[in-house]
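*Asks:* what follows is a predicted protein model with its sequence.
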Amino acid sequence: RPISRQFILLAVVLSVVLLGSLLFARSLAVPLWHLARVAREFGSGKLGARARLERRDEVGAVAQAFDQMADRITALLQGQRELLANVSHELRTPLARIRVALDLAADGDAEASRDALANISTDWGDLDRLVEDVLAAARLDLGSAEPGGFPLRRDAVDLTELADGAFQRAQVVYPDETLELDIEPRLPSIEGDGALLRRVLDNLIDNARKYSEPLSPITLRVRRDGEGVLIAVIDHGMGIDAADIPHIFTPFFRTDRSRTRKTGGVGLGLTLVRRIVTAHGGSVDVKSVVGQGTEMSVRLPSVSSRSSSSSDARAQFRTPKRDSAQTNAA
């Protein structure tokens, strides 16, 4: 009968809708259950837990975002562990030397204790630089996570004055070294944190001195580069192996595996250089030949080039409300 046929057709339609709804609900519930389980595992400390859902819908987008977040958190935790391990390692050697010097002084051996105590100032300087470098790196890392960009001062910086100051400081600290200054006249001004940019030049000169032969010339060159400025520190030292160049900006990495007092340092100098330059919208390039020397080049945008894209450039800077002494302390 027609009425019976209508009931049968309605029952078939309802059955199909119900079956489709169940399948659709299952297609959502299963990946969501899997994502919830992975989130619980990751929260319990299993840092390798990942959703890895190959879907093109919204659930797949959520799973991909979770995996990216998990990768970022894992990298941060791994970096924190490596930082603690490396700082502990770097602290152990100078503290051990200081302890030996104090033990010799307590034993009453005047000549031996005099030689040992003479090195305490060097060890103290190593500890002081380590603390300053770690604090500066932490400041840049924290600033990158804050809304509004890095907490840098935004001032017009005269590169001629900046380079001349770095050259004068290097001559005082390293009176026996051969230093050369080559500055192009009428350089454009750049916008940034003068205290941190001074640290960039000091670290590059110090790094060049460590890996150069005595009396080997070190050149600080400043040139106009298109709409920006190019700062280069050139040495004629041992050079960097091609396999080490991708790693020299890694915290605590040093090309001199012996960690002798001549090379000194704790391996944070170039790390800070790249982070500071990146915070100012610039870049760092390395050219090196083993046995011939190394050229470290820093490119920074000028004030005029920043004004052409002010929305992007200003996002990298935020004038801090805190006391400016914090910038100088870094």
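*Replies:* Nice, thanks for sending it over.
*Asks:* would you point out which residue is most central in the protein?
*Replies:* residue 275 (4.4 Å; C-alpha atoms, centre = their mean).
*Asks:* settle this for me: that one is touching residue 137, isn't it.
*Replies:* Yes - with contacts counted by C-beta atoms under 8 Å, residue 275 reaches residue 137, the gap being 6.8 Å. No exception for glycine: its C-beta is placed from N, CA and C like everyone else's.
*Asks:* check which residues of the helix or strand hosting the residue nearest to the centre of the chain are buried.
*Replies:* Assigned by DSSP states H and E, residue 275 falls within helix 269-279. Residues of helix 269-279 classed as buried by neighbour count (16 or more other C-beta atoms under 10 Å): 269, 270, 271, 272, 273, 274, 275, 276, 277, 279.
*Asks:* mean confidence for it?
*Replies:* Helix 269-279 shows a mean pLDDT of 86.
*Asks:* tell me what that helix is packed against?
*Replies:* helix 120-145, helix 194-210, strand 283-289, strand 293-301 (3 or more C-beta pairs under 8 Å, 6 or more residues apart in numbering; DSSP states H and E).
*Asks:* about what we covered before: the residue nearest to the centre of the chain and residue 158, how far apart?
*Replies:* Separation of residue 275 from residue 158 (C-beta to C-beta, to the nearest Å): 23 Å.
*Asks:* check residue 194 too.
*Replies:* Residue 194 is 9 Å from residue 158, by C-beta to C-beta.
*Asks:* same drill for these two, tell me which one is more crowded.
*Replies:* residue 194 (19 against 15; other C-beta atoms under 10 Å).
*Asks:* show me what contacts the more buried one?
*Replies:* By C-beta atoms under 8 Å, 6 or more residues apart in numbering, the contact list for residue 194 reads 153, 155, 157, 162.
*Asks:* which pLDDT does the model give it?
*Replies:* Reported pLDDT at residue 194 in the predicted model: 87.
*Asks:* same check on residue 259?
*Replies:* Residue-level confidence at residue 259 comes out at 47, pLDDT.
*Asks:* helices or strands next to the helix or strand hosting residue 86 in the packing?
*Replies:* Assigned by DSSP H and E, residue 86 belongs to helix 58-107. Contacts defined by 3+ C-beta pairs under 8 Å, 6+ apart place helix 58-107 against helix 2-43, helix 110-118, helix 120-145.
*Asks:* tell me the most buried of those?
*Replies:* Of the helices and strands packed on helix 58-107, the one with the most neighbours on average (mean count of other C-beta atoms under 10 Å) is helix 120-145, at a mean of 15.
*Asks:* for that one, packing partners?
*Replies:* Contact here means 3+ C-beta pairs under 8 Å, 6+ apart; on that basis helix 120-145 packs against helix 58-107, helix 269-279.
*Asks:* what is the orientation angle of the first one with helix 120-145?
*Replies:* With axes from the mean of the first three to the mean of the last three C-alpha atoms, to 10 degrees defining the directions, helix 58-107 sits at 160 degrees from helix 120-145.
*Asks:* so who does residue 73 touch?
*Replies:* residue 47.
*Asks:* tell me the pLDDT at it?
*Replies:* With respect to pLDDT, residue 73 scores 89.
*Asks:* same check, this time on residue 223
*Replies:* Reported pLDDT for residue 223: 92.
*Asks:* surely it touches residue 185?
*Replies:* No - applying C-beta under 8 Å as the test, residue 223 and residue 185 come out as separate, 10.7 Å apart.
*Asks:* more neighbours: which of the two?
*Replies:* In this view residue 223 and residue 185 are compared by other C-beta under 10 Å, and residue 223 has more residues nearby, 14 against 6.
*Asks:* who's that one bridged to?
*Replies:* residue 230 (DSSP bridges).
*Asks:* need the nearest residue in space to residue 158, chain neighbours excluded.
*Replies:* residue 189 (6.1 Å; C-beta to C-beta, 6 or more residues apart in numbering).
*Asks:* pretty sure that neighbour is in contact with residue 303, am I right?
*Replies:* Yes - with contacts counted by C-beta under 8 Å, residue 189 reaches residue 303, the gap being 5.1 Å.
*Asks:* now for these two: what residues contact both?
*Replies:* residue 156.
*Asks:* low-confidence ranges in this structure?
*Replies:* For the chain, applying pLDDT under 70 flags the ranges 1-3, 109-110, 113, 118, 139-152, 252, 254-267, 304-330.
*Asks:* rewinding a little: among the helices and strands packed on helix 58-107, which is nearest residue 229?
*Replies:* helix 120-145 (21.0 Å; C-beta to C-beta).
*Asks:* got the angle for the closest one vs helix 269-279?
*Replies:* Using the same axes, to 10 degrees: helix 120-145 against helix 269-279 is 30 degrees.
*Asks:* how distant is helix 120-145 from the center of its chain?
*Replies:* Centroid separation for helix 120-145 versus its chain: 13 Å, with C-alpha atoms, centre = their mean, to the nearest Å.
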